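1. Predicted model and sequence follow; I will ask about them next.
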Amino acid sequence: MADVSIAKVDMKFEIVVIPVSDIDRAKEFYMKLGWRLDADYDNGTDFRVVQVTPPGSGCSVIFGRNVTAATPGSVEGLYLIVSDVEAARANLLSLGVAVSEVFHGGDNVYSGPDKPYLFGSIRVKGPDPEHRSYRSFASFSDPDGNGWIFQEIVARLPGRIDSTATTFASVNDLTAALRRAEAAHGEHEARNGGKRDENWADWYAVYMAAEQSGAPLPQ
């Protein structure tokens, strides 16, 4: 039998539906966070849909009337990926939003008394001691109790990002990436006798793309 090739079909995950009890209260909460209001359609009788999008996100959130049969507040484990979890937490606190302390997982991550999250149900106060990507978190809830979690990711694991399509969600993310590249490049110059690298821009570009895609970092 001849080999059959199937063309890749792009599938962009762009919508998450969450259940809320008070549409206007939820809309006010998410807009308070600085999320973009994309739509608020109401047919005046039995249907209303509100769509909001977190800054820098390719995925939006929808809630409203007759958009889901789920119980209000029943959704958990909604992850918001940030490059600096401490800064993300501080921003929410400045807006008057309750948010947990930054935490990381305990040694026995799959059991424990705390509210479960991706790595289990033991939450140890403070960021991951080694500041590894994927390992530091903070959590908060909307007024109905739908649960959100900040997860800090700086360098992706291999294969998680298209290495030919490096993008940054915000000016802050780009600035942070440039600073990390600057620090790494300083070490690179020091290893080479402290001589100024005339091709520093090329080195920065390779470093930033590799960091985001999970490829080996240049030395």
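-> Here it is on my side, so go on.
2. Need the residue closest to the centroid of the protein.
-> Residue closest to the mean C-alpha point of the chain, counted by Cα atoms, centre = their mean, is Ile81 at 1.1 Å.
3. Now do the residue nearest to Leu95 when sequence neighbours are not counted against Asp142, distance only.
-> Closest residue to Leu95 apart from its sequence neighbours, by Cβ to Cβ, 6 or more residues apart in numbering: Lys32 at 5.9 Å. For the C-beta atoms, the positions are set from N, CA and C on the backbone; glycine is no exception. According to Cβ to Cβ, to the nearest Å, Lys32 stands 10 Å off from Asp142.
4. Those two: who's more crowded?
-> Legend: neighbour count by other Cβ atoms under 10 Å for Lys32 and Asp142, higher for Asp142 (22 against 12).
5. quick one: the more buried one and Lys27 touch, right?
-> No: at 10.6 Å, Asp142 does not count as touching Lys27 under the criterion of Cβ atoms under 8 Å.
6. which stretches of the chain form strands?
-> 15-17, 36-42, 48-53, 60-65, 78-82, 103-105, 123-125, 137-141, 147-152 (DSSP state E).
7. now for those, which one comes closest to Asp173?
-> In this view, the strands of the chain are compared for proximity to Asp173 by Cβ to Cβ, and strand 78-82 is the closest at 8.6 Å.
8. and that closest one, what does it pack onto?
-> Judged by 3 or more Cβ pairs under 8 Å, 6 or more residues apart in numbering; DSSP states H and E, the packing partners of strand 78-82 are strand 147-152.
9. partner strands of the strand it packs on, parallel or antiparallel?
-> Strands flanking strand 147-152 in the sheet, each with its direction: strand 78-82 (parallel), strand 137-141 (antiparallel) (DSSP bridges).
10. pLDDT of that strand, averaged?
-> Strand 147-152 carries an average pLDDT of 96.
11. hmm, who's touching it?
-> Residues outside strand 147-152 that contact it (Cβ atoms under 8 Å, 6 or more residues apart in numbering) are 75-85, 88-89, 99, 115, 117-118, 127, 133-142.
12. returning to that earlier point: looking at the strands paired with strand 147-152, spot the one closest to Arg191.
-> strand 78-82 (31.2 Å).
13. buried stuff in stretch 143-151?
-> Using 16 or more other Cβ atoms under 10 Å as the test for burial, stretch 143-151 gives 144, 146-151.
14. That's all I had, so thanks and see you.
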